[in-house]
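Colleague: Predicted coordinates and the sequence they were generated for:
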Number of protein chains: 2
Amino acid sequence: MSTGLSAAPTASPTLVFGTLTAYQRTAALRAAIDLDLFRAIGEGPGDVAYLAGRCAASVRGIRILCDYLTVIGLLNKEDGRYVHSATSRAFLDPRSPACIASTARFLGNPEMCEPFLRLTEIVRNGRSVLAGEGSVEPENPVWVEFAHSMAPMMAPMAAPLGAIALEGLSGPLRVLDIAAGHGLFGIEVAKQHPQAHVVALDWAPVLEVAKSNARAAGVLSRYEVLAGSAFEAEYGGPYDIVLLTNFLHHFDPPTCGSLLKKVNASLKRGGRAVALEFVPNEDRVSPPMAAAFSLVMLASTVSGDAYTFHELASMYEGAGFERVSAHPVPTGPHTIVMGLAA
Amino acid sequence: MSTGLSAAPTASPTLVFGTLTAYQRTAALRAAIDLDLFRAIGEGPGDVAYLAGRCAASVRGIRILCDYLTVIGLLNKEDGRYVHSATSRAFLDPRSPACIASTARFLGNPEMCEPFLRLTEIVRNGRSVLAGEGSVEPENPVWVEFAHSMAPMMAPMAAPLGAIALEGLSGPLRVLDIAAGHGLFGIEVAKQHPQAHVVALDWAPVLEVAKSNARAAGVLSRYEVLAGSAFEAEYGGPYDIVLLTNFLHHFDPPTCGSLLKKVNASLKRGGRAVALEFVPNEDRVSPPMAAAFSLVMLASTVSGDAYTFHELASMYEGAGFERVSAHPVPTGPHTIVMGLAA
């Protein structure tokens, strides 16, 4: 057609409508988690009256919420009763060891969500509307929430990261865990390697969470904390391994480069800088979760991004690392990027 | 397993994460519409520099936004340039006659969105947190926005509704269009039937929009307006057809029943009450759009719902209608429900 505007067979107004109302999906899942609905689904007969009583909620509200959660694939409905889907049983019932319901607290934190209400302005200006350095402003309390609530989502990545970081190493090792957060990654290295001594670096209130997790994991005697900024703290060292998990994406390439130089200086020759990152392909639009993460960095930082492997390798090499390698994590959307100090 | 909590093969943490971050999809599409990005995509070479200039936005912002829109299926990326997908070409480029971008204004109206920020409380209490009668509080200005911005989404339903309402009728007809909004449905009946005279009922500021649309459609000489509440206005009549489009779902069944009695009294014997509704199947969890609509009614009304055909037929029959029939609209998620005045 002359206008070039005719719809191809796959054109879908439903995709437009579904996107404009996608925020309702988030609201429904948050409400269900708040109401402890998934525990009730797992324990009970699953009829509306039971669930309403168990969640101290109205019959109308529970019925409509459960129907909606069924529509979006998070519950099943059988003979008028609501039962777990495979997904809700594994990842939303608090009795499941794989439950990630707590992530709703960080992902729903106003600091992370509110910038999206002003996304037009953010796209215009090219940076977060959050004050100062955005989510990485010093001592931002959002990272305490991250440490508390995001560990279950990161847990599946810990074992593969530990294995790659430690592969072929033996004897006493010193490990620095930069932006340790919940501490899971450094703790995992300590668990996998009984001669590893871990120094966890983060803001002091965040380190309380990491220490508590290290105690629970039985590695506290080999766990040390260093409070402060990754850019300003004296790292000590020399280290065999430095972990940089979910950190580089908050900053622009020159800042990442400076940090990697500092990391390099703290490593023994041949020591390993091990990052965990969302790494999109060179097209920057696949795979979906890694590529989509850039938008979170646009909304919440001044100049962060989800970097391609090519970009990360340049930063590493510019900071004096060699043999930079990428290891996609089979159990999650992340990629482990490792370089050796030259 | 004894816990009953093991994950089936289809269990997906990605579905949980994707739902908790689904609000970002809404934000991205709203921002793109605000920035007039889809017009720029349709007109230009689609490189980041061009789009940033055209949208008066930053390069970083546009690049990340366009990549994100590509990830969620709303744009395509070819050799580093962004081009329309079939969906964005047909439904988001303002040059397309089928463009529904304006619906973002109603769907993103704070009155419609903000209750979802308090959905836990709404599920507990079983009703909207909006004051009074919620979205159907008298003279609520949200319906002026609806009339202005939702017409393109309703347009594909107008022709089928007109055809069903008019089937087999001839000669002069009087038509009442209750809660006329944009007026599209009554106007369509007037266009399909040159001897139809339409009375449009709605709040006065809403009727300004309907009248303007009737003028543009060339039917103003057969178009009359009646300002007020559907529950309180004198309908006049007798009518051959009464339209009730997107209206019954805002109220509970007794209220719908009373209204249908009033409608019945205004119709000639054998006259037609023609509703356009989201009608879920008896399972209330399919088809997706109709079933999901209940949540909007939970969030924005005191006691509205998306009713099944069985429930609607009961309301009609209780109000003295017979031969109640359902006609799913092939061009949209709605169903036309018609009953004849006994």
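Modeller: Now that the structure is in, tell me what you want to look at. Remember, predicted model here, so these are calculated numbers, not experimental data.

Colleague: For the stretch 201-342 of chain A, which residues are neighbours of chain B?
Modeller: A:283-286, A:288-289, A:291-292, A:294-299, A:303, A:305, A:333 (CB under 8 Å from any CB of the partner chain). For glycine as for every other residue, the C-beta is placed from the backbone atoms N, C-alpha and C.

Colleague: Just the buried ones from those residues, in ChimeraX syntax?
Modeller: Buried subset of these, written as a ChimeraX selection, criterion 16 or more other CB atoms under 10 Å in any protein chain shown:
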select /A:284,285,288,289,291,292,294,295,296,297,298,299,303,305,333
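
Colleague: Could you pull up phi and psi at the nearest residue to A:Pro328 once chain neighbours are set aside?
Modeller: For A:Pro328, ignoring the flanking residues on the chain, the nearest one in space by CB to CB, 6 or more residues apart in numbering or on different chains is A:Thr335 at 4.9 Å. Torsion angles at A:Thr335 (phi, psi; degrees, to the nearest 10) stand at phi -130, psi 140.

Colleague: likewise the one 5 residues further on?
Modeller: Recorded main-chain torsions at A:Leu340 are phi -110, psi 130, according to degrees, to the nearest 10.

Colleague: do the same with A:Gly44
Modeller: According to degrees, to the nearest 10, A:Gly44 has phi -110, psi -180.

Colleague: The residue nearest to it when sequence neighbours are not counted and A:Ala56: what is the separation?
Modeller: Using CB to CB, 6+ apart and skipping residues adjacent in sequence, the residue nearest A:Gly44 is A:Tyr50, 4.7 Å away. Distance, A:Tyr50 to A:Ala56, using CB to CB, to the nearest Å: 12 Å.

Colleague: what pairs with the longest strand belonging to chain A, and is each one parallel or antiparallel?
Modeller: Longest strand in chain A by number of residues (criterion: DSSP state E): strand A:267-277. Partner strands and pairing direction for strand A:267-277 (DSSP bridges) are strand A:239-245 (parallel), strand A:335-341 (antiparallel).

Colleague: Quick one: mean pLDDT over the first one.
Modeller: So that's strand A:239-245. Per-region confidence: strand A:239-245 scores 98 on mean pLDDT.

Colleague: Send me that strand as PDB with only the CA atoms.
Modeller: This file holds the C-alpha atoms of strand A:239-245, laid out as PDB (Å, rounded to 0.1, in the frame of the first residue of the first chain):
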ATOM      1  CA  TYR A 239      44.500 -11.100  46.500                       C
ATOM      2  CA  ASP A 240      44.200 -14.200  44.500                       C
ATOM      3  CA  ILE A 241      40.600 -13.400  43.500                       C
ATOM      4  CA  VAL A 242      38.500 -10.200  43.300                       C
ATOM      5  CA  LEU A 243      34.700 -10.600  42.900                       C
ATOM      6  CA  LEU A 244      32.800  -7.800  41.200                       C
ATOM      7  CA  THR A 245      29.200  -9.000  41.200                       C
END
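
Colleague: what's the spacing between it and its chain's center?
Modeller: Centroid separation for strand A:239-245 versus its chain: 18 Å, with CA atoms, centre = their mean, to the nearest Å.

Colleague: now do the last one
Modeller: On the basis of CA atoms, centre = their mean, strand A:335-341 sits 18 Å off its chain's mean C-alpha point.

Colleague: now do stretch A:149-158
Modeller: With CA atoms, centre = their mean, you get 8 Å for stretch A:149-158.

Colleague: So what touches it?
Modeller: With CB atoms under 8 Å, 6 or more residues apart in numbering or on different chains as the contact definition, stretch A:149-158 has outside contacts at A:98-100, A:102-106, A:181-182, A:184-185, A:187-188, A:213, A:245-246, A:276, A:329, A:331-332, A:334, B:13, B:17.

Colleague: Checking A:Val83 next. Helix, strand or coil?
Modeller: strand (DSSP: H, G, I helix; E, B strand; the rest coil).

Colleague: Kindly report the same for A:Asn140.
Modeller: A:Asn140 is classified as coil under three-state DSSP.

Colleague: quick revisit: switch the strands paired with strand A:267-277 over to TSV; also include mean neighbour count.
Modeller: Putting those into TSV (neighbours: other CB atoms under 10 Å in any protein chain shown) gives the following:
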stretch	mean neighbour count
strand A:239-245	25
strand A:335-341	22
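
Colleague: could you redo the ones you listed as TSV and give each row distance to A:Gly168?
Modeller: Shown next, in TSV, are the strands paired with strand A:267-277 (distance: least, CB to CB, whole Å):
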stretch	distance to A:Gly168
strand A:239-245	11
strand A:335-341	12
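
Colleague: where along chain A do the strands fall?
Modeller: A:75-78, A:81-84, A:173-178, A:196-202, A:223-227, A:239-245, A:267-277, A:321-328, A:335-341.

Colleague: The second one and chain B, any residue contact?
Modeller: No: Strand A:81-84 stays clear of chain B (CB under 8 Å from any CB), getting no nearer than 8.6 Å.

Colleague: Check which helices and strands that strand is in contact with.
Modeller: Contact analysis of strand A:81-84 by 3 or more CB pairs under 8 Å, 6 or more residues apart in numbering or on different chains; DSSP states H and E lists helix A:37-43, helix A:59-71, strand A:75-78 as its packing neighbours.

Colleague: Dump the second one to PDB, restricted to CA.
Modeller: Listed in PDB are the C-alpha atoms of helix A:59-71, where the atom choice follows Å, rounded to 0.1, in the frame of the first residue of the first chain:
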ATOM      1  CA  VAL A  59     -14.100 -12.800  49.100                       C
ATOM      2  CA  ARG A  60     -14.500 -10.500  46.100                       C
ATOM      3  CA  GLY A  61     -10.900  -9.300  46.200                       C
ATOM      4  CA  ILE A  62      -9.400 -12.800  46.600                       C
ATOM      5  CA  ARG A  63     -11.600 -14.300  43.800                       C
ATOM      6  CA  ILE A  64     -10.700 -11.600  41.300                       C
ATOM      7  CA  LEU A  65      -7.000 -11.600  42.300                       C
ATOM      8  CA  CYS A  66      -6.700 -15.400  42.000                       C
ATOM      9  CA  ASP A  67      -8.500 -15.400  38.600                       C
ATOM     10  CA  TYR A  68      -6.200 -12.700  37.400                       C
ATOM     11  CA  LEU A  69      -3.100 -14.600  38.600                       C
ATOM     12  CA  THR A  70      -4.500 -17.700  36.800                       C
ATOM     13  CA  VAL A  71      -4.900 -15.600  33.600                       C
END
